Structures are given as structure tokens and as C-alpha cells.
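In: Could you work out the structure for the sequence below:
(chains A and B)
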Amino acid sequence: MVDKGSAEVRAGAGLFLRIVPPGLYAGRARVLVERSFMVYRRAWLSFVSGFFEPLFFLLSLGYGFGRLVTEVEGPGGQLLSYPVFVAPALLAASAMNGAVFDATYNIFFKFKYAKLYDAMLATPLGPLDIAIGEISWALLRGGMYSAAFLSVMLGMGLITSAWALLALPACLVVAFAFAAVGMAATTFMRSWQDFDLVQLVVLPLFLFSTTFYPLSVYPPVMQTVVTWTPLYHAIELLRGLTTGIPSWSMLGDLAYFAVMAAVGLVVAARRLGTLLLK
Amino acid sequence: MDAIPSRSTGVVVGPVRAVMLVVEKQWTWYRRNWRSTAISSFLQPVLFLLAMGFGFGSQVQPGAVTGGHSYLVYLAPALLVVTTVQNATWESTYPVLSSFIWQKSYWGAVVTPVTPAQIFYAQLTWIGLRLVSSALVYVAVAAALGAVGGPGVLLAVPFAVLAGLAFAAPVVAFSATRDGAEGFTGLFRFVVIPMTLFTGAFFPITQLPGWLRPVAWVTPMWHGVELARGAAFGTLRLVPALGHIGYLLVMGAVGVVLGRKYFRRRLAV
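Out: Numbering: from 1, shown residues only, chains lettered A, B, ... in the order given. Coordinates of the predicted model:
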């Protein structure tokens, strides 16, 4: 079913193949991206409308809410105007939301109802090809939304530093980590009812990860809990970059996402293998 | 008009009983599956109240904009309406479409002496019951969190449910014309989310640019927020209140006319 030979002769693949057993990967993940592209050529409206959601939030929070609040404490204790404070957090949250929803709802539908992956495994594709291909597509899509959002921020004068050039790659890292974990979680889901659990995780992250107000609002114990959560690190990273206040702790944020992505990817590939190949 | 031909089965079922039988079907399903809706309909508004009321509210000075109240108290009644209208939208889209094309439960009901219009009324009744229950839970939690200024908020509950049903009726009618879920993404993205963000719940619409305010006036959420906030703070005056209620009733009535029509068109044999 899967061409093990072609996977084993890959140069430098030794360690990789120890982590991910051979037979799971045929090196043809790109054909999944191509398929998604073909599918969305017909559903371009649902694709394009994704640009608007964070834009509405930005307009409402930045300008409506923003007049209720004058200045908020940003990275390094610097006071920021509310739109400058909230915009990078919305960017991070939309990277998370996009990645999680793509990796859960869409994948669950294709997996359980469309039986798409069963069909794919009948071709020379392994579960890891599927995982990588789906995540790459989610990243391409998320990257386009993030780029559009950053352009809007630039147009509204909410970007104050050249460090913001790194915001797009940072968004991709964040989205990758969330997509990988989301996909791993999807492999454990039994029915649509389980998706309320996704909401149970994503919504508190969105609301409480210093998206709308600074960390100093919380009592000390809560502050510590918040700093452990993933979206907090995404917001720290992006807020620091778009306001031009970089710090060494950003490397820690990146390490957090590297671990998250690696764990998610390995679990997703192994679980897909178990579910589809047995 | 919707007289049931009792000859067909020999069993006479009055129109109210017929509607309640379909509602009972919903309840039977819900008793087993309520957990999956608990987060979206009960927990979500409470989390929003905590994050926006306490968290964001800590950055807001009480002033003329918030009617002299703390932001938490200012937000609480409006958030009741926002959640109720959102829940109403959710309950009027996927479950309705599902009853037509996935579960096909409407098709099951319509082969019995229950008419398409009665099925439509039953769906609206069920949505109303769901809205009342989640609104009451929200008010109880908000009161426990100290977000409620006085007993006036209890009057905000029927106003919120009215706004929810006024929007649910046309949305159920819309769902009855759909063959797939594609249209719902547009409905949520271009109607519900902007309506949530720009209709005076989180900040007064006087802060919006002038050209955007009339857009807020046509949404049911704005009318609901005005009513609920007025009821909670005791600032509601009779004439504007009747205007808001009248608008919501007209919107609901238009939805009912369309809903009856589309249900009959789709289900009548």
C-alpha cells in the first residue's frame, strides 16, 4: 500500500524515521495542497469572507471600545493607545482560531463523513503526508489572512516599527503549532458533540490571554496561570514585534510553539495511522 | 386554515397539541444531548462577562458614556441580548437545515397529521424555550457576580427573548430555503458578527461614524439592547419602548409569514 523503499532511501532521514515509523510518509504531501486549492477555487466566497472577521473586530474594538479607554500598559511597561494594544492580539487570536477551526471541523468532516483520507490512503500517500499536506494548506490560508490583516494595520497606522516585518512569519509559527495540536485532538473526537470541547478551550484562551487588557489586571496567581497558556505567548510575540519592543523572552515564546508543533504533529500522524491503517 | 383531516387516522389532534408534539420531539432529543450545547449557550456569555466586564472593564472609568455605572454593570444587560440573539441564530440555522436534509425529522413529522406550518411554529416555540432557559441561567450567574443593578433585569429577559425570536423567525425561513450550509457562513460573518460588534452592546452607537448608525437601527439586536438596558437601569420611557417592541414584532411577523410559506413549499406533499 505504501512504498516503504522510497521512504527509507531518503538521505538524513534516520532520526526522523525513528520518531515517525516508515510507511507513514511517501513525501508527496504537496498533492493535498493542490487538492485544497482546486476545492477552494469553487468556494472562493467562503475563503474571501475570512478576511473580514478580524477586520470587524479591529474596527469595533479599536475605535468603539478604544474611546472608552485612553492608554493601556503594553510590553515593557510602555503606554500604548488602545488600538495599537489590541490589534496584534487580534492578529494572534485570528491565527489561532483559523488554524484550530481548519484543523478540527474541516478535518473531522473530511475524515468521518467525506471519507477523503480513506481514499487517499488507497494511493501512494501515508498518514504523515496527509497531516503535513493539510497543515500546509491551513498555513497558506492563514498566512494570507495574516498578511491582509497586517496590511490593514499598516494602513491604519497601528504598526510603529520595522520589527513588524517578522510578524508574518511569527503568525505562521503560531498557526502551525495550533493546527498541529488541533489535528491531533481531532483524531480523538467521536461526534459533533465533542466539538463543544474545542470551544471550551479556544474561547477562554481568546478572552483571557491578555487580548483585551494587560496581564496586570489579574491577581498574581492568575497571572502565572495565564503565562502558561499558548495564546498568551503568541500575543506577547506579536505585540512586541508590531510595537517594536523586542526582547529575549520572544525566543522562549518560539520554543513554546516549537514543542507544541512537534508534539501535535507526531501524535496526529500516529493516531491517523492507527485509525486509518488498521 | 390548518385544519387537520381527522379522517386520515381517526385521531383528532388540535393545532396546539400538534405543535406541542413536535416540541416534545425536540425535548426528547435535547434531554440526551444538552451537554453539547451547555458551553455555547450557558458558559460562553459568562466567560464574556468575566473577560469584558471585569478585565476590559477595569480599564474603563465609569462616566457619562456608561451612564455612570461601572462597565460590568453597563455591559451585563446588553450581553444578555447579544447572547440571546446569537443563540437564536445558531438554533435557527444548522438544526433546521439538519431536520430537512440530514436527520430529515421534518419529513417524518409531516407524514403524520401535522402540517408544515405547525412544524414551523413548533420549531420557533422550541427556540423560544431554549432562549428563555439560557437567559435565566445567564441572569442568575450575572447576579451572583454582582453585575446586576436591580430587579429590573428580570424585565430584560422577555425583551431579550423577543429580540431573539424576532430574528429567529426570518432566519428559520431562510434556512428552509437552503440545500447546504454554505449560506450560514455568510450570515454569521456578515450579519451576526457585525451586528454584535456595532449595535451598542459594548459601546454606545453614538461613538460610531454617522453613516453607520442607521445600519444599527435596522438590527434587532440594537432594539433589544435599548430595551434591556432601559429595563435594567429603569430609564425606559414608554414611547421609545413601544417603538422598539413594535419594530421587533413586525420583524418577527414578517419572518413567520415567510417561514410558513417556505415550510409549506418544501414539505407539502
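In: which ones are touching the residue most central in space within chain B?
Out: Chain B has residue B:164 as the residue nearest its centroid, 2.2 Å off, counting by CA atoms, centre = their mean. Contact partners of residue B:164, counting by CB atoms under 8 Å, 6 or more residues apart in numbering or on different chains, are B:84-85, B:87-88, B:127-128, B:131, B:224. Quick note: C-beta positions are derived from backbone N, CA and C, even for glycine.
In: 7 Å - rerun?
Out: Going by CB atoms under 7 Å, 6 or more residues apart in numbering or on different chains, residue B:164 touches B:84-85, B:87-88, B:131.
In: and if you look at residue B:77?
Out: Here residue B:77 is in contact with B:153, B:156, B:228-229, B:232 (CB under 7 Å, 6+ apart).
In: farthest pair in those?
Out: B:153 and B:229 (9.8 Å; CB to CB).
In: between these two, which one's more packed in?
Out: Per other CB atoms under 10 Å in any protein chain shown, whichever of residue B:153 and residue B:229 has more neighbours is residue B:229, with 27 against 24.
In: Just the element for the more buried one, please.
Out: Taking DSSP states H and E as the definition, residue B:229 sits inside helix B:220-233.
In: Show me which positions of stretch A:268-278 end up buried.
Out: Neighbour-count burial for stretch A:268-278 flags A:268-273, A:276 (criterion: 16 or more other CB atoms under 10 Å in any protein chain shown).
In: Need those residues in JSON lines (columns: secondary structure).
Out: Shown next, in JSON lines, are the buried residues of stretch A:268-278 (DSSP: H, G, I helix; E, B strand; the rest coil):
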{"residue": "A:268", "secondary structure": "helix"}
{"residue": "A:269", "secondary structure": "helix"}
{"residue": "A:270", "secondary structure": "helix"}
{"residue": "A:271", "secondary structure": "helix"}
{"residue": "A:272", "secondary structure": "helix"}
{"residue": "A:273", "secondary structure": "helix"}
{"residue": "A:276", "secondary structure": "helix"}
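In: with these in mind, which one is nearest to chain B?
Out: Using CB to the nearest CB, residue A:271 comes nearest to chain B of those, at 22.4 Å.
In: how about the residue lying closest to that closest one once chain neighbours are set aside, what does it touch?
Out: Closest residue to residue A:271 apart from its sequence neighbours, by CB to CB, 6 or more residues apart in numbering or on different chains: residue A:187 at 3.7 Å. For residue A:187, the contact set (CB under 7 Å, 6+ apart) comprises A:268, A:271-272, A:275.
In: any idea whether the residue nearest to residue B:21 when sequence neighbours are not counted is helix, strand or coil?
Out: Nearest residue to residue B:21, sequence neighbours excluded (CB to CB, 6+ apart): residue B:114, at 6.8 Å. Of the three states, residue B:114 takes coil according to three-state DSSP.
In: contacting residues for residue B:114?
Out: B:18, B:21-22.
In: now it: how far from chain A?
Out: Applying CB to the nearest CB, to the nearest Å, the value for residue B:114 to chain A is 27 Å.
In: What does that residue show for phi and psi?
Out: phi -120, psi 130 (degrees, to the nearest 10).
In: circling back to that earlier point, just checking, which of the contacts of residue B:164 belong to strands?
Out: Here DSSP state E is the test, and the contacts of residue B:164 give no hits in strands at all.
In: Could you say which helix or strand holds the residue nearest the centre of chain A?
Out: Centroid check for chain A by CA atoms, centre = their mean gives residue A:175 as the closest residue, at 1.9 Å. In the assignment (DSSP H and E), residue A:175 maps to helix A:167-186.
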